[in-house]
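Asks: make a model of this:
(one chain, ligands or ions: 2)
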Amino acid sequence: MTFDRSLKIAPSILSADFANFGAECRAIEAQGADWVHVDVMDGHFVPNLTFGPATCKAIRPHIKGVMDVHLMIAPVDAYIQAYADAGADVISAHLEAGPHIHRTLQAIRATGAKAGLALNPGTGIEAVEYLLDLTDLICVMTVNPGFGGQSFIHSQVEKVRKLRAMIGDRPIHIEIDGGVTPQTAPLVVAAGADVLVAGSAVFKGGSVDRPEVYGDNIRAIRASV
Ligand code: DX5
Ligand code: ZN
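Replies: Residues are numbered from 1 along each chain as shown. Ligands and ions are numbered 1, 2, ... in the order given. Below you'll find the model as predicted:
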């Protein structure tokens, strides 16, 4: 996984058909997805529960590109190796998931996966100042984590701008997660984001039998920036 800051669209399978993840991953990649965003939720750190390492391992063969695993779980350290073994290319942990995020990022990197640092909307960027050298991606949540289809939190655009300035020319992706649409995407890309997660905006109106709708939705986001 080489670093470049070109725009990437990462559909979130949280909005996909839970009975058909393999076909859905193949469909969104065939329709132009750059990464596949996999939302792991434990019903503890967030008030929703999705799936675990076994599901990630099962869908891995159906993803040609980057499998971007977003861990909305606490505690997180005990599970990192399982997601690395499942084939995750990027493993993002929430800064808020425990007291030792510095150690968590070290543990993710030690598996060979890229280390992602996810920030809830209420968390300021001063929290990442001493973590930049351990981080390959910073996921700025633009909704409160737990569900797809929520409204974009506009206060986070300024956070992205400040984060971009703090990162400088370090090879760190800024990923936006939540409420990304053709209306909100331009705001965050102008502020410095390069990876856009989109669930409902990609999957709405489509299906594995109508995957061209996924392509139209992905193209609409890409064309908006
Ligand atoms: C929310 C997840 C997001 C979500 C995005 O907790 O982390 O990835 O699936 O869904 P949309 O794009 O519909 O807001
Ligand atoms: Zn996510």
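
Asks: so residue 21 touches residue 58, yeah?
Replies: Yes. Counting by Cβ atoms under 8 Å, residue 21 does reach residue 58; the two are 7.3 Å apart. In this view, the C-beta of every residue, glycine as well, is placed from N, C-alpha and C.

Asks: these two - which one has more neighbours?
Replies: More neighbours surround residue 21 than the other of residue 21 and residue 58, with 20 against 13 (other Cβ atoms under 10 Å).

Asks: what about that one, distance to ligand 2?
Replies: Look at residue 21 and ligand 2: by Cβ to the ion, to the nearest Å, they are 15 Å apart.

Asks: got the contact list for the residue of the chain found nearest ligand 2?
Replies: Nearest residue of the chain to ligand 2, counting by Cβ to the ion: residue 70, 3.7 Å away. The contact partners of residue 70, taken as Cβ atoms under 8 Å, 6 or more residues apart in numbering, are 12, 37, 38, 39, 40, 92, 116, 118, 139, 177, 197.

Asks: closest one of these to ligand 1?
Replies: Checking those against ligand 1 by Cβ to the nearest ligand atom gives residue 12 as the nearest, at 3.7 Å.

Asks: can you name the residues bridging to the closest one?
Replies: residue 37 (DSSP bridges).

Asks: that one: what's it in contact with?
Replies: 37, 38, 39, 70, 148, 177, 197, 198, 199, 202.

Asks: what about the fourth one, which SS state?
Replies: Assigned with DSSP: H, G, I helix; E, B strand; the rest coil, residue 70 falls in the strand class.

Asks: any idea how far residue 205 is from it?
Replies: 24 Å (Cβ to Cβ, to the nearest Å).

Asks: just among the contacts of residue 70, which is most surrounded?
Replies: Going by other Cβ under 10 Å, residue 92 tops those with 31 neighbours.

Asks: check which helix or strand the nearest residue to that residue once chain neighbours are set aside maps to.
Replies: Distances taken as Cβ to Cβ, 6 or more residues apart in numbering put residue 116 closest to residue 92, at 2.8 Å, once the chain neighbours are dropped. Assessed by DSSP states H and E, residue 116 sits inside strand 114-119.
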